[in-house]
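Enquirer: predicted structure and sequence below. I'll ask about it afterward.
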Amino acid sequence: MLDLKNREDAILVSETELETLKGRVENFPKELEKAVRDTEKTTRESLERNYRFQMDLAAKELEGEHKLNYQIINSLQSKIKEQEEFIRQLTHKTDEAGTQVQAIALKALEGASFHRYYPAAEDNKKTNQTIGG
C-alpha cells in the first residue's frame with residue numbers, strides 16, 4: 001500500500017507538472033511575442049536616441065564650422081580693407097614722388113636751357129669768380 005501511495009503521489013506530482021508545462025506551452029507564443037515586442041521597443045528607443053544624438057552632434061559641428069567660416073570671412077574682409085588702405089597710401093606717395101621728380105627734372109631743364117641761351121652769363125660768372133677770388 002505504501003508503494004501504491006508513493007506512486008499515486010508521484011503521478012500526482014507528474015500530472016501537476018504536466019499541467020504547468022502545458023500552461024506554459026500554451027502561453028509561450030504570447031510570452032515570446034511580448035518579449036519580442038519589448039526587445040523591439042527597447043532596441044528602437046536606443047537606436048532613436050543614438051540617431052538623435054548623432055544628428056545633434058552633426059548639427060553642432062556644422063554650426064561650429066559655419067561660425068568659424070564666418071570669422072574667417074570677417075578676418076579676410078578686414079585684411080582686404082587694410083590692404084586697400086595701404087595701397088591707397090602707397091599710390092598717394094608714388095604720385096607725390098612722381099610730382100617731385102617732375103619738378104626736379106623741370107628745374108634741371110630750365111637750368112640747362114638758361115645756360116644754353118645765355119652763355120655770356122656763365123662767362124661773366126667765371127670772370128667774376130676769377131677777379132673776385
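Expert: Alright, I've got the coordinates. Just so you know, these numbers come straight off a predicted model, no measurement behind them.

Enquirer: residue 76: how many residues sit nearby?
Expert: When neighbours are defined as other C-beta atoms under 10 Å, residue 76 has 10 of them. All C-beta atoms are positioned from the backbone trio N, CA, C, and that covers glycine.

Enquirer: one more: residue 72?
Expert: Using other C-beta under 10 Å: residue 72 sits among 10 other residues.

Enquirer: over to residue 66?
Expert: Residues near residue 66, counting by other C-beta under 10 Å, number 10.

Enquirer: please, which helix or strand holds the residue nearest the centre of the chain?
Expert: In the chain, the residue lying closest to the centroid (C-alpha atoms, centre = their mean) is residue 65, at 3.3 Å. According to DSSP states H and E, residue 65 maps onto helix 2-117.

Enquirer: what packs against that helix?
Expert: helix 119-132 (3 or more C-beta pairs under 8 Å, 6 or more residues apart in numbering; DSSP states H and E).

Enquirer: any low-confidence regions in the protein?
Expert: By pLDDT under 70, the weakly predicted segments of the chain are 114-133.

Enquirer: one more pass at 50, please.
Expert: Of all residues in the chain, none has pLDDT under 50.

Enquirer: residue 9: what's it in contact with?
Expert: Contacts for residue 9 (C-beta atoms under 8 Å, 6 or more residues apart in numbering) come out as none.

Enquirer: sorry, slip of the keys, the one I care about is residue 54.
Expert: By C-beta under 8 Å, 6+ apart, no residues touch residue 54.
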